[in-house]
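> Quick check, what structure comes out for this input:
(one chain, ligands or ions: 1)
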Amino acid sequence: MISDSFKQDLLNRVDVVDIVGRSVQLKKAGANFSGLCPFHGEKTPSFTVSPSKQFYHCFGCGAHGNAISFLMEYQGLGYVDAVRELAQGVGLKMPEFQRERSYPGARAGEGAAGASGVGAAAEEGPDLYALMERAMRYYRDQLKQSPRAIDYLKGRGLTGQIAARFGIGYAPAGWQNLQAVFPEYSEAAIKEVGLVIDNEAGKRYDRFRDRIMFPIHSQRGMVIGFGGRILGAESNEEGKATGPKYLNSPETPLFEKGRELYGFSQARNPIRSAGRAVVVEGYMDVVALAQAGVDYAVATLGTATSAVHVQKLFRQTDEVVFCFDGDRAGRKAAWHALEVCLPVLADNKTVRFLFLPAEHDPDSFVRERGQEAFEHELQRATPLSAFLLDHLSSDLDLDTPEGRSRLVHEAKPLLTRIAAPALQIQLGHQLAELAQMATQELARITGLRLSAERNFGRSFGRSDARRGAPPPARRGLEAKLERRLLRGLVAQPDRASALAGLMNTNAQEPGSPAARAITALTQQVLEQPGMSASFLLDVFQGSEHEKPIADAYAELLELRMDDAQLEADFQADLAAMRSALKTARIEQLKSIASEAMSAEEKTELVRLISEQAQRRDGTP
Ligand SMILES: [Zn+2]
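Numbers count the residues shown, from 1 in each chain. Here you go, the predicted structure:
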């Protein structure tokens, strides 16, 4: 939606020290600034902001990012809003949000959204938040007037208090009820926020009809969408369909599905105090759990769990429990969530899975058995490691060598993606046991470091199926060099040209997280020259590369080296890496029996050995 060049331009103009400094008292500390972290409670400052690289990092809780992510995290803004607010501050216009006409009626008197200052587009058009707020109030008023809707909610065990806490309302039956609250019913903005639909004949009608309405809030509490549960039957007496059971707002300028969690603004503080977040599938689950006293649950809003969801929760707590239905669909959703979690895991984070009995969803379970029983189930939820191995083993016959080999084959790509080093080793040991292999054998086959020397995954050198992995000492050196090179690259992205082609990572041999990040960053920078360090963070936010990149930034902050020192280091590391790669290749070639060697390989070996000899002699 927002072009990269616009984002880049924006990040070049704003100053992250200034943005953070509005909310956090910062003190100069050497080349950087530091202060008390706004994202976790602390007494001594571990939150550091770099003016030269334009990013922040907390050594206490790991929060990190640039000016955009700071506004998102601190103020609970959506991405678009954060960009808009920053743009407004530096006088940049967001072209795609300008509107041709103004809708004076749309802004009149709608305090909440207008006063909060996010309605930067108000100059050009209506405040979309104000429209949503008005719709929500209308639905809530309608609920009060509908005994049928009230009975339904009471029947589900909900009190007026909980209904009010979640802003639950009712969209009456009928096609154009919203006309009563929106004199500008025919205007484009009403459709833009997803409240109405135009049919093929161009006739406009309400999207939500005869539904219990659940407003979806942004992190900061603004209404950005709705979920509607059908109140009547899914078909009428004549058997004609009246719509799906659950219906959500479409994606709109306010509502990006993969980023938002239903109930997050209400659950944020409870999650912090409970030290745990529960992820469920539906809004009724969230509301029913809150009614029962489990107020730290959120829902994924009809989309699959995303890395952004998980990271959002990990900012608040170290433990996330996914609670899905016990049926096939629930297991599938849980498996997807597991895959999403692997690259964002850390050794201090816990992910678990709770599968309720097949006849239950969280809503029915907690209504029947209550808070204590549910929390008891949470305690016993399956750890990610156990779910991973159970799930992979479930269709395999581990009594046969074939079944056990298959298990290793299927587990390998998953284990490789785990960002938590200690957990990766633990799982490796468990896998070795299940597969009836020695840990070293498993390590050799999978390329995973499962011994004490392991730091990061295998990465360097060209892969060759005929040979085993390079010796551990070499891998340790390479892993270290990879991380240092990544550090040099994020400090100054235009170093990408020096690194291009150096990393040889591919699907068969995915490489260490740092090596993969270097490959991805290098490609990105070469495609888009002139990238700033803070823009790189933006591009890779939420991807598997975010963590290695953030680690590199953190190291930069800790080192406090000046640019000249960094450059000297980078050049030395680059030379060391080239030499390490050559040595590895020589060893690889030497290990091939000479009758199995191709002519090209022989030539290559001779060339490499002579180059190495020259280097030892000190000749160029
Ligand atoms: Zn912190």
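> For the protein, which residues score under the pLDDT cut-off?
Along the chain, the model assigns pLDDT under 70 to residues 1, 95-125, 233-242, 451-475, 503-511, 615-620.
> Downstream of the helix of greatest length in it, the next helix or strand is which one?
If you go by DSSP state H, the chain has its longest helix at helix 563-590. Helices and strands here follow DSSP states H and E; after helix 563-590, the next one along the chain is helix 599-617.
> Just the buried residues of that next one, please?
For helix 599-617, the neighbour count (16 or more other C-beta atoms under 10 Å) marks 601, 605, 608 as buried. No exception for glycine: its C-beta is placed from N, CA and C like everyone else's.
> How about the last one, nearest residue that isn't a chain neighbour?
If I follow you right, that is residue 608. residue 586 (5.0 Å; C-beta to C-beta, 6 or more residues apart in numbering).
> my read: the one you found touches residue 611, true?
No: using C-beta atoms under 8 Å as the test, residue 586 is too far from residue 611 to be in contact (9.5 Å).
> on that earlier part again, packing partners for the longest helix of the chain?
With contacts taken as 3 or more C-beta pairs under 8 Å, 6 or more residues apart in numbering; DSSP states H and E, helix 563-590 sits against helix 472-491, helix 599-617.
> can I get those helices in JSON lines with distance to the ion?
Listed next are the helices and strands packed on helix 563-590 as JSON lines, based on distance: least, C-beta to the ion, whole Å:
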{"stretch": "helix 472-491", "distance to the ion": "20"}
{"stretch": "helix 599-617", "distance to the ion": "46"}
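> Can you convert the ones you listed into JSON lines and add a column each for distance to residue 52?
Formatted as JSON lines, the helices and strands packed on helix 563-590 follow (distance: least, C-beta to C-beta, whole Å):
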{"stretch": "helix 472-491", "distance to residue 52": "9"}
{"stretch": "helix 599-617", "distance to residue 52": "35"}
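> and the helix or strand hosting residue 57, is it in reach of the ion?
Taking DSSP H and E as the definition, one finds residue 57 inside strand 55-58. Yes: for strand 55-58 and the ion, the contact criterion (C-beta under 5 Å from the ion) is met by residue 58.
> residues in contact with whatever helix or strand comes next after that strand?
The helix or strand immediately downstream of strand 55-58 is strand 64-65, counting by DSSP H and E. With C-beta atoms under 8 Å, 6 or more residues apart in numbering as the test, strand 64-65 has contacts from 55, 56, 57, 58, 72, 73, 537, 541, 550, 553, 554.
> Isn't residue 262 up against residue 301?
Yes: the criterion here is C-beta under 8 Å, and residue 262 meets it with residue 301 at 5.1 Å.
> between the two, which one's more packed in?
Per other C-beta atoms under 10 Å, whichever of residue 262 and residue 301 has more neighbours is residue 262, with 28 against 24.
> OK, contacts around that one?
Contacts of residue 262 (C-beta under 8 Å, 6+ apart): 214, 216, 227, 283, 286, 298, 299, 300, 301.
> Closest one of those to residue 87?
Distance to residue 87, by C-beta to C-beta, is smallest for residue 216 among the contacts of residue 262, at 24.6 Å.
> Show me this structure divided up by domain.
Domain assignment of the chain by automatic domain parsing yields the ranges 4-95, 128-248, 264-390, 397-464, 473-617.
> quick one: the third one near the ion?
No: against the ion, domain 264-390 shows no contacts by C-beta under 5 Å from the ion, the least distance being 9.1 Å.
> Could you list which of the contacts of residue 262 belong to strands?
Judged by DSSP state E, those include 214, 216, 227, 298, 299 as members of strands.
> could you dump the residues you listed to JSON lines with neighbour count?
Below are those laid out as JSON lines (neighbours: other C-beta atoms under 10 Å):
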{"residue": "214", "neighbour count": "28"}
{"residue": "216", "neighbour count": "27"}
{"residue": "227", "neighbour count": "22"}
{"residue": "298", "neighbour count": "27"}
{"residue": "299", "neighbour count": "26"}
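> Dump the residues you listed to TSV, plus distance to residue 10.
TSV is the format used below for the ones in strands among the contacts of residue 262 (distance: C-beta to C-beta, whole Å):
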residue	distance to residue 10
214	34
216	27
227	32
298	30
299	32
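> Which single one of the residues you listed is nearest to residue 39?
Using C-beta to C-beta, residue 298 is the member of the ones in strands among the contacts of residue 262 that lies nearest residue 39, at 17.8 Å.
> and the longest helix of the chain with helix 599-617, angle?
Counting by axes from the mean of the first three to the mean of the last three C-alpha atoms, to 10 degrees, helix 563-590 lies at 130 degrees to helix 599-617.
> Use 22 as the first number from now on
Noted, 22 is the first residue going forward, which turns the last one into helix 584-611.
> buried residues in helix 584-611?
Taking 16+ other C-beta under 10 Å as the criterion, helix 584-611 shows 587, 590-591, 594-595, 597-598, 601-607, 609-610 as buried.
> Over to stretch 190-198?
Residues of stretch 190-198 classed as buried by neighbour count (16+ other C-beta under 10 Å): 190, 191, 192, 193, 198.
> what's the first-to-last distance across it?
Start to finish, the residues bounding stretch 190-198 are 14 Å apart (C-alpha to C-alpha, to the nearest Å).
> Near residue 389, how many other residues are there?
By the criterion of other C-beta under 10 Å, residue 389 has 12 neighbours.
> before we move on, the earlier item: quick one: which of the helices and strands packed on helix 584-611 is nearest residue 414?
Closest among the helices and strands packed on helix 584-611, using C-beta to C-beta: helix 493-512, at 29.1 Å.
> so where do the strands sit in the stretch 272-421 of the chain?
298-301, 318-320, 340-345, 371-376, 403-404 (DSSP state E, counting those that start in this stretch).
> Pretty sure residue 574 sits against residue 74.
Yes: in this structure, residue 574 is within contact of residue 74 by C-beta under 8 Å, at 7.1 Å.
> circling back: between the ones in strands among the contacts of residue 283, which is closest to the ion?
residue 319 (21.3 Å; C-beta to the ion).
> Now do the contacts for that closest one.
Residue 319 neighbours (C-beta under 8 Å, 6+ apart): 282, 283, 284, 285, 288, 298, 299, 300, 301, 307, 334.
> which among those residues gets closest to the ion?
Of all these, the ion sits closest to residue 334, with 15.5 Å by C-beta to the ion.
> tally of neighbours for the closest one?
Using other C-beta under 10 Å, residue 334 has 26 neighbouring residues.
> Distance of it relative to residue 289?
According to C-beta to C-beta, to the nearest Å, residue 334 and residue 289 sit 10 Å apart.
> just residue 357 next, same as before
Distance of residue 357 to residue 289, given as C-beta to C-beta: 24 Å.
> So for those two, which sits in the more crowded spot?
Between residue 357 and residue 289, counted using other C-beta under 10 Å, residue 289 has the larger neighbour count: 22 against 15.
> my guess is the more buried one meets residue 240, correct?
Yes: at 7.2 Å, residue 289 counts as touching residue 240 under the criterion of C-beta under 8 Å.
> Quick check: whichever residue of the stretch 122-271 of the chain sits closest to the ion vs residue 316, distance?
At 17.1 Å from the ion, residue 240 is the closest residue in the stretch 122-271 of the chain, using C-beta to the ion. Distance, residue 240 to residue 316, by C-beta to C-beta: 16 Å.
> so residue 462 is in which element?
Counting by DSSP H and E, the element that carries residue 462 is helix 460-467.
> now that helix against helix 493-512, angle please.
50 degrees.
> who does helix 460-467 touch, helix- and strand-wise?
helix 422-438, helix 442-455.
> and residue 365, what is it in contact with?
Contacts of residue 365 by C-beta under 8 Å, 6+ apart are 328, 331, 332, 335, 440, 565, 567, 568.
> For burial, what's the neighbour tally of the second one?
Meaning residue 331. Under the neighbour criterion other C-beta under 10 Å, residue 331 is assigned a count of 23.
> Return the residues in contact with it.
Shown in contact with residue 331 (C-beta under 8 Å, 6+ apart): 341, 358, 361, 362, 365, 372.
> do the last one as well
Applying C-beta under 8 Å, 6+ apart to residue 568 gives the contacts 364, 365, 367, 440, 534.
> Apply 6 Å and report the result again.
Residue 568 is in contact with residue 440, counting by C-beta atoms under 6 Å, 6 or more residues apart in numbering.
> Thank you, goodbye.
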